[in-house]
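*Asks:* Prediction below, plus the sequence it came from.
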Amino acid sequence: MISQSRSDPTVKVSSTIQSIYPNEKRNTSDDVNTHKRTFGQLAEVENATGHSQSRESDTSILEKQKQSRFKLYETPKSQFENSLAKNGISNEEEPLKQITARKELIQSPENEGRYNNAQKTKAPLSELEQSQLLAEQVNAMTPSHANMDCERVTDQTDLVDAMNRRSEAVESRVESEIDRKQDEECLITVERLINMWNDSSQLPSCSEKYIISLLFYVSVKLADKEKILRSNVKMPNEIEEKIMKEFDNLKERLKTEELQSGFVENIIERCSVYLKDKSWNNALIDLRKLLKEVRPLDTQELIRLVAKANDAAKLIKGKEIILLLAGTGAGKSTTIHFLGGSTMAETIVQRMYYIAPITIKNPDLQKITTTPFVKSGTRYISPVTINFKDIGGSSSDSVILCNTPGFEDTSGPEVDIANGIGIVKAIRTCKSVRPVVLISYRSIGDRCTGVKDLAHMLVGLIPGIKDNIKTFSYLFTKFPKKERSPINALLNNISDELRDEEKLDTSFTRFL
C-alpha cells in the first residue's frame, strides 16, 4: 500500500527534485555530381568574363557575386520544392517523419501481406529520402548560412569549393547517423554471449534454436577476444564452417515449420549473401529481425528479468522507497545519479548531447547506466540506497531510489512484463512508496497524447491509484526555459479537453 508521512525521509529527498536539464544512407552521388557540374559551369562562365569584370567597379563585382551565390542556392531549392509538391507534402519537416514510419513498415512487417505492402512503399521511401537530403542542402546553402564563408572567398572557384564541402558534410552526417544506429544494434556483451549459448543449448531442434546459434557464432566473430574468454564457452575450431552448417539447418527447419513468408525468405536471401561475404554486422542485424518474427516473446529472457525483479524486491522489502516512473528516455537514470550525488556534465556521444555522470560516488549507482539513445539502458527494477550525509545532509537517515525501465520500452515486451511485475512487487513488499512520475518535454506529443498515455498506463498498473493520488510527485524534464512557466496551463488544458469516455474513468481523471 502507498503511504505518506511528514516525517518520511523520502519527503526530504523528493523536495530536492527539480528540472535538471538545460534545455541514411543512400547513394546520392548522382545529385552531388549534378551540383558539381552546375558549380563547374558557373565557374567557367565566371572565368570567361573575368577580363570585363576587372574593368568594373567593386560594387558591380560584389553584386555579380551575390547573384551567382543566389543561383547556386536556387538550384537545390527548386528541386526540393518540386519534390515536396510531387509527394503532396506541404511541411518541410514532414519527409523525415514519413521516412521513419515507412522504414518501420518495410523492416518489421508482421505478415506476408504487410510485407507486400512494404515492397510497394519502397519507391516513395527513396523519394522521401531524396527530399530530406535536398532539405539539408538547401539549409546549408541559404544566404544566411553561406555568408560567413562567402565573405572570405576571393573568386567563384572558392565559392564552388565551399558549397561542395557543405554538400559532402551533409552526406557525412547522414552516413554517421546510419553507422551509429548499426553500432547500437550490433552491441555485444559478455552477458549476451552467455545467454545466447545457454538458450541455444537448452532448445530442441527448431528454427529458434538455429537462429540463436547463428547469432552466437556471428557475435563471436564480432566480439573481442577478452569478451570471448570471459564467456567461458568452448568454441569450435572452424567457426565459419559451423556458421554455414547452422544456416543450412535453419533453412530446413523453416521449411518443416512452414515459416517461409515473403519477409522470412527475403531475410534468408540477404543473410546468405552476408555470411558468404563475411559481412557479420549486417548478418547479425538481419538474424535478430528474423528471430523476432519467429519468436515474438523471448521466454528465457523474461524468466531472467523476472528473477532480477524478484532479487530487487527482496532488497527493498520493509523499506521506504522512492519509485521513479516514466516512459523510455524521460531521464530516470540521470535523475537518480543527480539525486545520488554524482557529478553531472553535458556530454557528446556519437554527435548527440546529453547529461551524463562524470564522477560516481555511490557504489550502487555504478549499475545505473545513462544513454542518449532511444533504447533504454535499464532492463529491470534497480534499487539504489542513498545516505543523506553522503549528499550534504545532516541526517543519518537514508532512502532507496528505485530505477525502472521505461514503459513501452523498445527493448521488447519481455522488459515491459518484467517491469510490471517488479513495480507491483515493490509496492506490495516495501514499507512505503512515494511514486515520482517523470514527464519529458519530448514525450508530450501532439495534443499531449504522451501525458495521457502515461496516465492510462499507471492507472492500469497500480490498483486503487485514485485513493493514493496525493502521494505522487511529478518531475518535468528537458523543458526549454520558455516552456517551463506554462506547464500548469498545459496540464489544465489536458483536463479541459478530455473526451466523454475519458471523463467517465474517475481514476484517470483524478490522476490528471
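*Replies:* The structure has been received and is ready for your questions.
*Asks:* domain assignment for the protein?
*Replies:* In terms of domains, the chain is parsed into 29-177, 190-294, 299-511 (source: automatic domain parsing).
*Asks:* can you tell me the distance between the two ends of the shortest one?
*Replies:* Read that as domain 190-294. Domain 190-294 has an end-to-end distance of 24 Å (Cα to Cα, to the nearest Å).
*Asks:* Could I get the average pLDDT for that domain?
*Replies:* Here domain 190-294 scores 93 as its mean pLDDT.
*Asks:* Which secondary structure element is home to residue 337?
*Replies:* According to DSSP states H and E, residue 337 maps onto helix 332-339.
*Asks:* Contacts for that helix, please.
*Replies:* 13, 16-17, 20-21, 324-326, 344, 354-357, 360, 365, 368-371, 377-378, 384, 386, 391, 401, 403-404, 406, 438, 475, 477 (Cβ atoms under 8 Å, 6 or more residues apart in numbering). All C-beta spots, glycine's among them, are computed from the backbone N, C-alpha and C.
*Asks:* Neighbouring strands - and their directions - for whichever helix or strand comes after it?
*Replies:* Scanning forward in sequence from helix 332-339 by DSSP H and E, the next helix or strand is strand 343-349. Looking at strand 343-349 with DSSP bridges, its partner strands are strand 352-359 (antiparallel).
*Asks:* C-alpha coordinates for the strand it pairs with, CSV please?
*Replies:* Only the C-alpha atoms of strand 352-359 are listed here, as CSV (Å, rounded to 0.1, in the frame of the first residue of the first chain):
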residue,chain,number,x,y,z
MET,A,352,24.3,13.7,-29.5
TYR,A,353,24.3,15.9,-26.4
TYR,A,354,23.0,14.6,-23.1
ILE,A,355,23.7,14.9,-19.4
ALA,A,356,25.9,12.1,-18.0
PRO,A,357,27.6,11.3,-14.7
ILE,A,358,31.3,12.1,-14.7
THR,A,359,32.1,11.2,-11.1
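*Asks:* Flag every buried residue along the helix holding residue 337.
*Replies:* Going by neighbour count (16 or more other Cβ atoms under 10 Å), the buried part of helix 332-339 is 332, 333, 334, 335, 336, 337, 338, 339.
*Asks:* now that helix and strand 343-349, what's the angle there?
*Replies:* For helix 332-339 against strand 343-349, the angle by axes from the mean of the first three to the mean of the last three Cα atoms, to 10 degrees is 150 degrees.
*Asks:* just to revisit the earlier point, of the contacts of helix 332-339, grab the buried ones for ChimeraX.
*Replies:* Burial among the contacts of helix 332-339 is assessed by 16+ other Cβ under 10 Å; the matching ChimeraX selection reads:
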select :13,17,20,21,324,325,326,344,354,355,356,357,365,368,369,370,371,377,378,384,386,391,401,403,404,406,438,475,477
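*Asks:* Narrow the contacts of helix 332-339 to those in strands?
*Replies:* Assigned to strands by DSSP state E, the following of the contacts of helix 332-339 qualify: 324-325, 344, 354-357, 384, 386, 401, 403, 438, 475, 477.
*Asks:* What is the nearest of these to residue 308?
*Replies:* Of all the ones in strands among the contacts of helix 332-339, residue 403 has the smallest distance to residue 308: 12.3 Å, by Cβ to Cβ.
*Asks:* Now do the contacts for the closest residue to residue 384 other than its chain neighbours.
*Replies:* Nearest residue to residue 384, sequence neighbours excluded (Cβ to Cβ, 6 or more residues apart in numbering): residue 364, at 4.3 Å. For residue 364, the contacting residues are 340, 383, 384, 385, 386, by Cβ under 8 Å, 6+ apart.
*Asks:* Mind picking the two most distant members of those residues?
*Replies:* Among the contacts of residue 364, 340 and 383 lie farthest apart (Cβ to Cβ), at 11.7 Å.
*Asks:* Show me whatever sits in contact with both of these two.
*Replies:* In contact with both residue 340 and residue 383: 364, 401, using Cβ under 8 Å, 6+ apart.
*Asks:* export the ones in strands among the contacts of helix 332-339 to a markdown table and tack on pLDDT and distance to residue 238?
*Replies:* What follows is the ones in strands among the contacts of helix 332-339, written out as a markdown table (pLDDT from 0 to 100; distance: Cβ to Cβ, whole Å):
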| residue | pLDDT | distance to residue 238 |
| --- | --- | --- |
| 324 | 91 | 49 |
| 325 | 87 | 50 |
| 344 | 90 | 49 |
| 354 | 79 | 43 |
| 355 | 85 | 47 |
| 356 | 87 | 42 |
| 357 | 90 | 44 |
| 384 | 92 | 46 |
| 386 | 91 | 52 |
| 401 | 92 | 50 |
| 403 | 88 | 44 |
| 438 | 90 | 50 |
| 475 | 89 | 55 |
| 477 | 89 | 51 |
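*Asks:* Give the burial count for residue 248, as a bare number.
*Replies:* 11 (other Cβ atoms under 10 Å).
*Asks:* Surely it forms part of a helix?
*Replies:* Yes. Assessed by DSSP: H, G, I helix; E, B strand; the rest coil, residue 248 belongs to a helix.
*Asks:* when you give positions from now on, start the count at 7
*Replies:* Okay, residue one is now 7; in that scheme the one you just asked about reads as residue 254.
*Asks:* Next, the buried residues of the helix or strand containing residue 281.
*Replies:* Secondary structure assigned from DSSP H and E places residue 281 in helix 268-282. Going by neighbour count (16+ other Cβ under 10 Å), the buried part of helix 268-282 is 268, 269, 270, 272, 273, 274, 276, 277, 280, 281.
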